[in-house]
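Chemist: Sharing a model prediction with you, sequence too.
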Amino acid sequence: MSNKEEGAPLAAASKSNPWKMIALVLVVLVLVAGAGGAGFWWSRRGVRAEGKTPEGPAAAPMIGKGIISFDPFLVNLADQGGNRFLRTTVKLVIPEASQADTISKDDVTMMRLRSSILELLTQQSADALITPAGKDTLKKAIKGRAAAILGTVPVIDVLFSDFVVQF
């Protein structure tokens, strides 16, 4: 009888073991899937930080570390009647902060840049500037004029920190 008494608890334990085993397997699967997902996310994060696509290295855009800032521009636009105005603040992005410091301290270069941008802004019409395409065209024109003045220092981007057209 002692064998039967010892066998009863084993039978009861074996009936509850499958559920415990299933729960344990599910917990392990969730942990493995979570670790796999975290590993995938971490590897994709590293690819984006390096400027590469998952397919391989790409021609990453040049990242600027220097900014040349100008005082706000307030100009009459080239519309009929001359009663429309533009107020904008322009910043030029260039590759190195040291280059930006050198250019910002050179009064002649800064005045050439400001004068060229000012001349370009006064040639614009309000109807063109209120569209996204018009702003993009203006950015490209400013970039071209600034690049001509700066020579060997490339202008990476033109940023507007404010842009108001008064009708």
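Modeler: Looks like it came in fine. Source: prediction; values computed, not measured.

Chemist: what about the helices in the chain?
Modeler: Here the chain has its helices, by DSSP state H, at 2-49, 97-105, 107-122, 126-129, 132-150.

Chemist: So which bits of the shortest one are buried?
Modeler: When neighbours are counted by 16 or more other CB atoms under 10 Å, the buried residues of helix 126-129 are found to be Ala126, Ala128, Leu129. (C-beta placed from N, C-alpha, C; glycine too.)

Chemist: pLDDT score for Leu24?
Modeler: With respect to pLDDT, Leu24 has a value of 83.

Chemist: any idea how far it is from Leu31?
Modeler: In this view, Leu24 and Leu31 are 11 Å apart by CB to CB, to the nearest Å.

Chemist: For this structure, give me the ranges with low pLDDT.
Modeler: 1-16, 45-62 (pLDDT under 70).

Chemist: Pop the domain breakdown of it in here.
Modeler: The chain breaks down into these domains under automatic domain parsing: 1-60, 66-166.

Chemist: CSV please, covering the helices of the chain and showing distance to Leu77.
Modeler: Below are the helices of the chain laid out as CSV (distance: least, CB to CB, whole Å):
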stretch, distance to Leu77
helix 2-49, 41
helix 97-105, 28
helix 107-122, 7
helix 126-129, 5
helix 132-150, 11
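
Chemist: Out of these, which gets nearest to Phe70?
Modeler: helix 107-122 (5.8 Å; CB to CB).

Chemist: The closest one packs against which elements?
Modeler: Here helix 107-122 touches strand 73-76, strand 85-94, helix 97-105, helix 132-150, going by 3 or more CB pairs under 8 Å, 6 or more residues apart in numbering; DSSP states H and E.

Chemist: Show me what the nearest residue to Ala97 once chain neighbours are set aside is bridged to.
Modeler: Spatial nearest neighbour of Ala97, excluding adjacent residues (CB to CB, 6 or more residues apart in numbering): Gly66 at 4.3 Å. Gly66 forms beta bridges with Ile94, as assigned by DSSP bridges.
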